[in-house]
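Trainee: sequence and predicted structure below; questions after.
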Amino acid sequence: MLEFLYLIPLFPLLGVVLNTFVLRGQPEKLVGGVAAAMVGASFVVAAGAFFQLLGMPAESRHFEQELFRWIVVGNFSAQAGFLADQLSMIMMLVVTGVSFLIHVYSIGYMHGDAGFRKFFIYLNLFVFFMLLLVMGSNYLVMFVGWEGVGLCSYLLIGFWFTDELKASAGKKAFIMNRIGDFGFLLAIFLLWTTFGTINFREIEPMAQAYPVGAGVITAICLLLFMGATGKSAQLPLYTWLPDAMAGPTPVSALIHAATMVTAGVYMVVRSNFLFSLSPMAMDVVAWVGGITALFAATIGLVQTDIKKVLAYSTVSQLGYMFLACGVGAYTAAVFHLMTHAFFKGLLFLGSGSVIHGMSDEQDIRFMGGLKDKMPTTYKTFLVGTLAIAGIPGLAGFFSKDEILWKTFESHNYALWAIGATAAFCTAFYMFRLLFLTFFGKFRGSKAQEHHVHESPKLMTIPLIVLAVLSVLGGYVGVPHALGGHNNFHEWLLPILSETGEHAGAHHGVPTAEYVLMAVSVLIALIGIFVAKSWYLGKSSLVESLGKSGTRNLLYNKYWVDQIYDTMISQPLVKLSEIFARYVDQGTVDGSVNGLGATVSGIGGIVRKVQTGVTQNYAVIMSLGVVLLLGTLLWSVLG
Amino acid sequence: MLLTLCIAIPALTSLLMLALPRTSVGLLRGVALAGSLATFAVSLAILAGFQVGEAGYQMVEKLPWIPSIGAEWHLGVDGISLFLIVLTTLLTVLCILASWHSITDRVQEYFFFFLLLEAGMVGVFAAMDLFVFYVMWEVMLVPMFFLIGVWGGQRRLYATVKFFLFTMAGSVLMLVGVLYVYFHTVDPETGRHTFNLLLATEQSSYALDIQRWLFLAFGLAFAIKVPLFPLHTWLPDAHTEAPTAGSVILAGVLLKMGTYGFLRFCLPMFPEATLEFVPWISWLAIIGIIYGAMVAMVQKDMKKLVAYSSVAHLGFVMLGTFALNQQGLAGSLLQQINHGISTGALFLLVGVVYERRHTRLIADYGGIAKVMPVYAALFMIVALSSIGLPTTNGFVGEFLILIGTFASNTLYGVIATSGVILAAVYLLWMYQRVFYGELIHDENRKLKDITLFEAVPILVLIVLAIWIGVYPDPILTRIEPSLQLVLDHFQQGQFSQLQGVLP
């Protein structure tokens, strides 16, 4: 199957072409069905490739496929090529698998929308670019996917573009990402001037020649990470992601939770052979990740829009993944990336089901008691909530616990405390969300109450599949301390460079690991308990934290958007206006104003021309040309 | 013979225009289109016959012309001019299509000037003789003057005179430069002065202070055409007031005369002066990138916005040229073609709504994606190619320019790369204000979507934009050897500079 690697991104692209040109005016089922089938086909090929890799010896599990010369000038060369190895294989499976489920769900969710076909064109296009991102064999192909998914994100956030706010949110996402991309581009330039190549597998051995702490490597890593903070919504470039919730909910699930936003984590892990050479860059990654995890979680505590809570939760969980990368626990980062794709995808689709059933209501203050009205949605949502809260036995427990343990183990106690606090917040805000949405009395309008219904099968089946994955997904990485073999870790180990993560199998009595595990479970339980005592059955406490200053600060998201607006956006526009009005038309053009008199003089000539003597000029002009050609002819003959 | 045909066909068709009855508008249009199509076909034959991997001039034609002064009808094509010629002939065809319905006044004169302009443009790119080059350069100026002055918008007089004065100022200086070079170039066969470009380049070992003056004499004319900040102020007016097709040609081809001039004359003939001027030109180019983008951002008129975006784009092109390495030069040359495609398409698109509403003000639109969905989609794709999104042409060009610049000077590279952010800001913001939101103006409710006839030229450009974005190799392999030749020459220049230092 590996020789058919190129088919994996090609199928979704074919879907784009079919839906754009061939399936105009066809019924929804066909349009959506073709789009979903294309992604399904990609998944099948990816699975085949996976099993083929699995059958190979661990150290030779990689396959590079070069398609054509893309940009080759002088000693710069970027081929259009793909790489299948342990890391990209996991990403391909997660991307195509989750995308397929969300495509199916979307057929139900987008039913009746005027832009149904357009939606699936964008969605297929997104999968295509996402696959380029994870499959590219060099940084430039990765960058193509990187920018491409950004484009699709922009188009899909502003999908309902007649709403000015939604359109603005799309633009904001695009521009914030571009700020990060500025760093990514510079990183590519620096990689090339340093190594003379931008191919992953060519750089890796060369990087080993650099000493730990080499300045140029640190610079490359920090620039790459700048790109990651944009795409993966970390401090300080995270503000676009909560706004991105303006897009249709399946988009929030696919792009803004499960796949695209994890691209930064993938990029850092892909570049682990560089990061591991730079302790300083690693510290930056760990601290930015840790602080973002807590910062976003605190905002999530008081949000009232169901999707905003999940959005801040996503920012926070992505922070965990970077924290893992920063402490060198790359496999834990990828593990959490995968389990998060399952449970956060599930939670978003669940919220979509709720919004669908509640006639487009998104404010949890006006929900409540949906447990019995939407049983499948409730049950699956509960599984997702338990998974993200870190309850033992579910996927989120294994992956999050591994991150916290590795943080502690690497002696980053302060970061561990930050991560643990964020875990408390996570358990709290998720159960607050669960209780306010599904428990208690219904607080919406009569019309909504009358209309509430469980979603159709097309939507609930993907929920069930993701719920199963949110439980079972964790068992590929059961730690040794719990008697597992952490197969996930073993699988990924070969892609980590020598200086990277060392084998985690410390045999001996893992007492500390047990204690920490117990602590994090306890923290989660306390969070759930607090949420329960504040919100369950007490509808008066919906506005729980009262009108305190803290609540205001959190509810207004620390005023970061306003600060950016007054500090950056407005001055930029002001300055531009000064340039346009005074500098360009004043000073620069003014210096030419001396010509003004001449202008009016020549103006007279032109006026004459306009009053009908154009033809005279034309004749004179043509005479000139005739003269020119005549002389030529004369010279030839003579 | 092909190159002469490429100039003669449009020139003769333009004369034919005058012979046709001025009232049979359909016939005039048809003949003009046929002429431009024939020219385009010839340029494709040139493209097909071009030998890949060869650095020097090909298909050279050399006929005596005015022997008394040593001027020859000397034409040729190399990797540098090849695609600029094809771009010129293609854009002319598309422009004639775009003028089909929109030009109803003085159709005869319009096409006369337009085809004459084409002949001049091809001539500039194909000239291997400084005399031919200068004549063609001037031939171009006059039709453009009339195209803006007669068929332009409300402030066309001001705009066209400004355009004329700026360009004339440059031309006069260049004439001095051309004459100086002429009097210092001798044809070894005849022993007399010659305008032969090859010989002029070969024999160009001027003292540094002379090089400086010559660089300035040529360079100022080119910098005005580019336009390089702060010589750009003629451009927004000319672009805005010109008829749609005029703007397309102005942005698509005429600006490239400047960047082409630097590449063809200044770099090979005055290498040491070029080295000296690198910081000056690079900084002006960088200012152009940032400043152009910022001023574009706050424009209220769509055409003006696109015009200022050209200032930013051409800043990239200049920066790439003066990076003086292969990536920078290749990116710069490719971006010249890309800019012709993307900005040409943007002007065509603005022209479509202008024809319907007779306003170019952004505030007069809003929410029109709802009534013009196909138009909105095409506009989005073109805007993305102008922004330089990967898989479009703009990305390949900008990337090569930036990586080349970064390699030759990190600071320039870093600052210029930040311009990539601003490009997204001004275009997406305009797009949002024009296409998204509710339909606020009743006049826009009945806007008809783009017709197939209007869409064809834009679709052609979009196909090219994506082709170049995905598979630029056929272009890169053709332009690279010729650019290497410029660089080789250049390193000789650096060498002789070193020699000059030695006793």
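Mentor: Okay, I see it. Residues are numbered from 1 along each chain as shown, chains lettered A, B, ... in the order given.
Trainee: could you check whether the biggest strand by length in chain A is close to chain B?
Mentor: Scanning chain A for the strand with the most residues, using DSSP state E, yields strand A:62-73. Yes. For strand A:62-73 and chain B, the contact criterion (Cβ under 8 Å from any Cβ of the partner chain) is met by A:68, A:69, A:70, A:71, A:72, A:73. Heads up, the C-betas are built off the backbone N, CA and C, glycines and all.
Trainee: pull out the buried members of these.
Mentor: Listed as buried from the residues of strand A:62-73 next to chain B are A:69, A:70, A:71, A:72, A:73; burial here means 16 or more other Cβ atoms under 10 Å in any protein chain shown.
Trainee: show me where the stretch 51-200 of chain B has its helices.
Mentor: Along the stretch 51-200 of chain B, counting by DSSP state H, counting those that start in this stretch, helices occupy B:79-99, B:107-126, B:130-151, B:156-182, B:197-202.
Trainee: and for the stretch 151-300 of chain A?
Mentor: A:164-195, A:200-207, A:215-231, A:240-243, A:249-253, A:263-270, A:272-275, A:279-300.
Trainee: now do the buried residues in the longest one.
Mentor: Under the neighbour-count criterion of 16+ other Cβ under 10 Å, helix A:164-195 has A:164, A:166-192, A:194-195 buried.
Trainee: elements contacting that helix?
Mentor: Packing contacts for helix A:164-195, counted by 3 or more Cβ pairs under 8 Å, 6 or more residues apart in numbering or on different chains; DSSP states H and E, involve helix A:139-157, helix A:200-207, helix A:215-231, helix A:240-243, helix B:393-408, helix B:410-435.
Trainee: residues in contact with the residue in the stretch 1-150 of chain A positioned nearest to chain B?
Mentor: Nearest residue of the stretch 1-150 of chain A to chain B: residue A:74, at 3.3 Å (Cβ to the nearest Cβ). Residue A:74 makes contacts with B:325, B:326, B:327, B:330, B:480, as judged by Cβ atoms under 8 Å, 6 or more residues apart in numbering or on different chains.
Trainee: list the buried residues for whichever strand or helix holds the fourth one?
Mentor: It refers to residue B:330. Using DSSP states H and E, residue B:330 sits in helix B:326-357. Residues of helix B:326-357 classed as buried: B:326-354, B:356-357 (neighbour count, 16+ other Cβ under 10 Å).
Trainee: burial of residue A:574, as a residue count?
Mentor: 11 (other Cβ atoms under 10 Å in any protein chain shown).
Trainee: what's the helix or strand for it?
Mentor: Using DSSP H and E, residue A:574 falls in helix A:570-578.
Trainee: spatially nearest residue to residue B:449 (excluding sequence neighbours)?
Mentor: Spatially, and ignoring its direct neighbours in sequence, residue B:449 is nearest to residue B:372 (4.6 Å; Cβ to Cβ, 6 or more residues apart in numbering or on different chains).
Trainee: meant to ask about residue B:397, not that
Mentor: In space, and not counting its chain neighbours, residue B:397 is closest to residue B:335: 3.3 Å by Cβ to Cβ, 6+ apart.
Trainee: make TSV from the helices of the stretch 151-300 of chain A and add mean pLDDT to it.
Mentor: Below are the helices of the stretch 151-300 of chain A laid out as TSV (pLDDT from 0 to 100):
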stretch	mean pLDDT
helix A:164-195	88
helix A:200-207	89
helix A:215-231	92
helix A:240-243	84
helix A:249-253	88
helix A:263-270	94
helix A:272-275	91
helix A:279-300	91
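Trainee: can you say which of these is nearest to residue A:120?
Mentor: helix A:249-253 (10.4 Å; Cβ to Cβ).
Trainee: can you list the neighbours in contact with that closest one?
Mentor: Contact with helix A:249-253 is made by A:102, A:105-106, A:109-110, A:123, A:153, A:156-157, A:159, A:244-245, A:307, A:310-311, A:344-345, A:348-349, A:351-352, A:355-356, as judged by Cβ under 8 Å, 6+ apart.
Trainee: what about residue B:425, distance to residue A:569?
Mentor: 9 Å (Cβ to Cβ, to the nearest Å).
Trainee: with neighbour numbers in mind, choose between these two.
Mentor: In terms of neighbours (other Cβ under 10 Å), residue B:425 is the more surrounded of residue B:425 and residue A:569; the figures are 22 against 14.
Trainee: shouldn't that one be in contact with residue A:172?
Mentor: No. Look at residue B:425 against residue A:172 with Cβ atoms under 8 Å: they stay out of range, at 10.6 Å.
Trainee: find the residues that touch each one of these two.
Mentor: Joint contacts of residue B:425 and residue A:172 (Cβ under 8 Å, 6+ apart) do not exist.
Trainee: rewinding a little: please identify the deepest-packed of the helices of the stretch 51-200 of chain B.
Mentor: helix B:107-126 (a mean of 27; mean count of other Cβ atoms under 10 Å in any protein chain shown).
Trainee: related to what we said a few turns ago, now the angle from the helix holding residue B:330 to helix A:164-195?
Mentor: 160 degrees (axes from the mean of the first three to the mean of the last three Cα atoms, to 10 degrees).
Trainee: and the next helix or strand past helix B:326-357?
Mentor: Assigned by DSSP H and E, the successor of helix B:326-357 is helix B:373-387.
Trainee: average pLDDT for that next one?
Mentor: Across helix B:373-387, pLDDT averages out at 93.
Trainee: angle of that helix against helix A:139-157?
Mentor: Relative orientation of helix B:373-387 versus helix A:139-157 (the same axes, to 10 degrees): 150 degrees.
Trainee: chain center to helix B:373-387, what's the gap?
Mentor: Mean-position distance between helix B:373-387 and its chain equals 21 Å (Cα atoms, centre = their mean, to the nearest Å).
Trainee: what helices and strands are in contact with it?
Mentor: Secondary-structure packing of helix B:373-387 (3+ Cβ pairs under 8 Å, 6+ apart): helix B:326-357, helix B:393-408, helix B:410-435, helix B:452-470.
Trainee: and the ones you listed as CSV, adding mean pLDDT and distance to residue A:208?
Mentor: Listed next are the helices and strands packed on helix B:373-387 as CSV, based on pLDDT from 0 to 100; distance: least, Cβ to Cβ, whole Å:
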stretch, mean pLDDT, distance to residue A:208
helix B:326-357, 93, 27
helix B:393-408, 94, 24
helix B:410-435, 89, 25
helix B:452-470, 93, 34
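Trainee: any weak-confidence spans in chain B?
Mentor: Counting by pLDDT under 70, the ranges of chain B that qualify are B:491-503.
Trainee: tell me the buried residues in the host helix or strand of residue A:30?
Mentor: Residue A:30 belongs to helix A:28-54 when assigned by DSSP H and E. Neighbour counts over helix A:28-54 (16+ other Cβ under 10 Å) mark A:28, A:31-36, A:38-43, A:45-47, A:49-50, A:52-53 as buried.
Trainee: that helix vs strand A:62-73, what angle?
Mentor: Put simply, helix A:28-54 runs at 110 degrees to strand A:62-73, going by the same axes, to 10 degrees.
Trainee: I'd like to know which of the helices and strands packed on helix B:373-387 lies nearest to residue B:272.
Mentor: Nearest to residue B:272, of all the helices and strands packed on helix B:373-387, is helix B:393-408, at 16.8 Å by Cβ to Cβ.
Trainee: how far away is residue B:390 from chain A?
Mentor: Distance, residue B:390 to chain A, using Cβ to the nearest Cβ, to the nearest Å: 4 Å.
Trainee: up against chain A, what does the stretch 301-450 of chain B have?
Mentor: Counting by Cβ under 8 Å from any Cβ, the stretch 301-450 of chain B sits next to chain A at B:325-327, B:330-331, B:367, B:369-370, B:384, B:389-391, B:395-396, B:399-400, B:402-403, B:406-407, B:413-414, B:417-418, B:420-421, B:424-425, B:428-429, B:432, B:435-438.
Trainee: again, only using 7 Å
Mentor: Applying Cβ under 7 Å from any Cβ of the partner chain, we find that the stretch 301-450 of chain B lies next to chain A at B:326-327, B:330, B:367, B:369-370, B:384, B:389-391, B:396, B:400, B:402-403, B:406-407, B:413-414, B:417-418, B:420-421, B:424-425, B:428-429, B:432, B:436-438.
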